[in-house]
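> quick one: sequence and predicted model below, then my questions.
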Amino acid sequence: MPDLESERSAKRPGAPRAGAPRSRLAARVDRILSAAIAGEPHVALSIKAPELIADFRPVSDAIAALFERAGPGVMAHWRVAQALKPSGLEGDLLNLLVDPDPKVRTAAARLCGALRMSDSLPWLADLLEDPKPKVRDAAVRALGDLGGHGAVDALMAAVDRIPQHRLAIELAHAASDMDIEALMRKPASVEAAVVTVLACGLRHDRIKIGPLLGIAHDRRWPSRVRVAACRALAMIHDADAADRLRDLFGDPDAGVRAAAARTQRRCRPAGRQG
């Protein structure tokens, strides 16, 4: 598994570089949807689906940046959904999720997720079983973008089929605090517990430091979950929490000992020991 403590490996695959150039179409989409989110009347995204499919990467990145600027809340999502209705674009993109061409399915999945098209959820969930790896990965990312309880359920139902590090990254995007709490309280499997714990670290969720310390110390948890808890604490990077792992340096589980020591080294580098 990749080292999720590394900031680079914790980023989504294909994430845009800062300052990356945008296409003309992406800039046009940004202008139209920015106007919609600002509440301007009669705004419609009247661009044909094949145009968006052909330029899906920069367009998806532009839409993602737009929602990031808009901040949390449902109003931006609702206004973008309204901008899609006049042209019938939403229905066209949904149809393309089952296109025979895997490249089209990949592009459509990315766009449906970027546009927060909630009606695409069941189709995206189906694409998690697509025979083409790129389509599956696009569906995973789209569900992360879509967010919400349904997307979380779809992701976790595929815990045995999605690489653990990818699932943790998208769960960190998709899940609410309540979703994470429910998954931690009653994980469906060891794999689900590991992914949920890692997602806490990726979210830099300091509120979960106490529960993560509890998991790391509790020998009733499987070794993999305890190791994941140590890794999550390393991602949160709280020196005081890392100090509370010192008593695990003598743990009978070699994996837990190594993970605790690594977290300590990361949070308190040489020369800065408390």
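Alright, I've got the coordinates. What you see is a predicted model, and the numbers here were worked out from it, not measured in a lab.
> distance of Gln82 relative to Ile63?
15 Å (CB to CB, to the nearest Å). All C-beta spots, glycine's among them, are computed from the backbone N, C-alpha and C.
> next one: Ala49
The separation that Ala49 has from Ile63, given CB to CB, amounts to 14 Å.
> same check, this time on Arg105
18 Å.
> next one: Ala27
Ala27 is 12 Å from Ile63, by CB to CB.
> which one of those two has more residues nearby?
Ile63 (23 against 14; other CB atoms under 10 Å).
> for the record, mean pLDDT for stretch 177-191?
Regarding stretch 177-191, the rounded mean pLDDT is 94.
> what are the buried residues along it?
Going by neighbour count (16 or more other CB atoms under 10 Å), the buried part of stretch 177-191 is 179-180, 183-184, 187, 191.
> ok, now stretch 83-102?
Those would be 83-84, 89-90, 92-94, 96-97, 102, for stretch 83-102 by 16+ other CB under 10 Å.
> tell me which of these is nearest to Ala142?
Distance to Ala142 across the buried residues of stretch 83-102 (CB to CB) is lowest for Leu97, with 9.4 Å.
> wait, isn't that closest one in contact with Leu121?
No: in this structure Leu97 lies outside contact range of Leu121 using CB atoms under 8 Å: 10.8 Å.
> quick one: the helices in the stretch 101-250 of the chain?
Secondary structure of the stretch 101-250 of the chain (DSSP state H, counting those that start in this stretch): helices located at 102-114, 121-127, 133-146, 149-157, 164-174, 177-185, 190-202, 209-217, 223-236, 239-243.
> could you dump the ones you listed to JSON lines with distance to Gln264?
Below are those laid out as JSON lines (distance: least, CB to CB, whole Å):
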{"stretch": "helix 102-114", "distance to Gln264": "38"}
{"stretch": "helix 121-127", "distance to Gln264": "40"}
{"stretch": "helix 133-146", "distance to Gln264": "31"}
{"stretch": "helix 149-157", "distance to Gln264": "31"}
{"stretch": "helix 164-174", "distance to Gln264": "22"}
{"stretch": "helix 177-185", "distance to Gln264": "23"}
{"stretch": "helix 190-202", "distance to Gln264": "15"}
{"stretch": "helix 209-217", "distance to Gln264": "12"}
{"stretch": "helix 223-236", "distance to Gln264": "9"}
{"stretch": "helix 239-243", "distance to Gln264": "5"}
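> show me the shaky parts of the chain.
Scanning the chain for pLDDT under 70 picks out the ranges 1-21, 269-274.
> do that again at 80, thanks
1-22, 72-73, 268-274 (pLDDT under 80).
> so how far is Leu121 from the nearest residue to Lys132 once chain neighbours are set aside?
Spatial nearest neighbour of Lys132, chain neighbours left out: Pro102 (4.1 Å); criterion: CB to CB, 6 or more residues apart in numbering. As judged by CB to CB, Pro102 and Leu121 stand 20 Å apart.
> contacting residues around the residue nearest the centre of the chain?
Taking CA atoms, centre = their mean, the centroid of the chain lies closest to Glu170, which sits 2.1 Å from it. Residues in contact with Glu170 (CB atoms under 8 Å, 6 or more residues apart in numbering) are 12, 140-141, 143-144, 155.
> just Ala109 next, same as before
97, 120, 124, 127, 135, 138-139, 141-142.
> save these as JSON lines, and put in distance to Ala234 too.
Below are the contacts of Ala109 laid out as JSON lines (distance: CB to CB, whole Å):
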{"residue": "Leu97", "distance to Ala234": "38"}
{"residue": "Ser120", "distance to Ala234": "35"}
{"residue": "Leu124", "distance to Ala234": "31"}
{"residue": "Leu127", "distance to Ala234": "33"}
{"residue": "Val135", "distance to Ala234": "33"}
{"residue": "Ala138", "distance to Ala234": "29"}
{"residue": "Ala139", "distance to Ala234": "29"}
{"residue": "Arg141", "distance to Ala234": "24"}
{"residue": "Ala142", "distance to Ala234": "29"}
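> this completes my enquiry, with thanks.
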